[in-house]
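# turn this into a structure:
(one chain, ligands or ions: 1)
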Amino acid sequence: MKKIVFLTGAGMSVESGFKTFRGNDGLWENYPVEQVASHEGWEANPTLVNNFYNNLRKKLYAAEPNEGHRLIKDLEKDYDVSVITQNVDNLHEKAGSSKVIHLHGELTKVCSSNAPYDSRYIRELPPEACEVDPGARAGDGSLLRPFIVFFGEAVPMIEPAAGIAAQADFFVIIGTSLNVYPAAGLVQYTRPDIPVYLIDPDDVPSGSLQRVTHIRKGASEGMKDLVKILRTDGRP
Ligand code: OAD
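Predicted coordinates:
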């Protein structure tokens with residue numbers, strides 16, 4: 001089976017009711033990124049950070065995947081599909097995608113602030129108890145924190161993601177401004193001869209994407225176009 005690798009960002013979930021981060025009315029305009037998504041912000045005010053992700057988590061549990069997520073999942077009938085996402089939501093999984101790598105963490109989970117990747121202390125919060133109380137502790141006694149990769153922290157999942165990108169027969173980028181590294185550099189790991197598609201209604205400034213076919217649409221409409229293109233150019 002041919003391998004399709006998707007790299008998705010905040011634009012993927014816009015049609016499910018989520019805001020993007022950058023641009024007009026983006027999330028970072030209303031909640032300064034240094035406060036809610038940086039290592040220093042967490043150290044300075046963990047309660048504020050936990051409350052921010054508590055609210056997002058509540059919203060996520062009420063959200064549904066959109067047509068774009070579903071069309072990605074449907075491609076599994078004919079292709080070996082991997083999704084590498086910068087999103088912390090679980091909408092790819094909820095749509096049924098079976099191989100999803102989260103580069104920036106997972107909103108549904110919490111972890112130890114001393115050892116965020118110690119699997120003994122990573123817990124999934126169920127919808128009925130999805131808020132972290134201020135001061136709640138992980139199993140090792142440290143403060144519970146959202147399982148989110150903050151700015152200023154390492155991105156351990158980039159290594160497996162790069163390995164998957166290197167095997168792609170098709171690489172598809174959806175809804176990311178490609179501002180944040182190392183995620184934005186993943187396309188560099190693909191073989192130089194494979195087709196690369198970009199689904200985004202806006203320009204995505206990037207000098208490194210010369211061989212990209214830009215489908216200038218939102219995620220769902222763009223995925224419909226991609227499915228048609230694959231039917232003619234990309235037989236499984
Ligand atoms: P951005 O907010 O930077 O970019 C979102 C992209 O989605 C833009 O290029 C928009 O044009 C596009 N877009 C808007 N509506 C869309 C739609 N309906 N369909 C498809 N695309 C649409 O978000 P990211 O690139 O994902 O990190 O941001 C990367 C990282 O920066 C995030 O993972 C987050 C943030 O800080 C962390 O929280 C660690």
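# for the ligand, see how far away Met157 is.
12 Å (C-beta to the nearest ligand atom, to the nearest Å). For glycine as for every other residue, the C-beta is placed from the backbone atoms N, C-alpha and C.
# Phe171 now?
Taking C-beta to the nearest ligand atom, one finds Phe171 at 16 Å from the ligand.
# and after the helix or strand hosting that residue, which helix or strand comes next?
For Phe171, the element it lies in under DSSP states H and E is strand 170-174. As assigned by DSSP H and E, the chain's next helix or strand after strand 170-174 is strand 196-199.
# next SSE after that next one?
strand 212-215.
# quick revisit: CA atoms only: put the strand holding Phe171 into PDB for me.
Output of strand 170-174 as PDB, limited to C-alpha atoms (Å, rounded to 0.1, in the frame of the first residue of the first chain):
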ATOM      1  CA  PHE A 170       2.400  11.500  -0.700                       C
ATOM      2  CA  PHE A 171       2.800  14.300   1.900                       C
ATOM      3  CA  VAL A 172      -0.200  16.500   2.700                       C
ATOM      4  CA  ILE A 173       0.000  19.600   4.900                       C
ATOM      5  CA  ILE A 174      -3.300  21.000   6.200                       C
END
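# partners of it in the sheet?
The pairing partners recorded for strand 170-174 under DSSP bridges are strand 3-8 (parallel), strand 196-199 (parallel).
# residues in contact with that strand: which ones?
Strand 170-174 is contacted by residues 2-9, 11-12, 68, 79, 165, 187, 190, 194-200, 204, 212, 219, 222-223, 226, 230, 234 when judged by C-beta atoms under 8 Å, 6 or more residues apart in numbering.
# tell me the mean pLDDT over that strand?
Averaging pLDDT along strand 170-174 yields 97.
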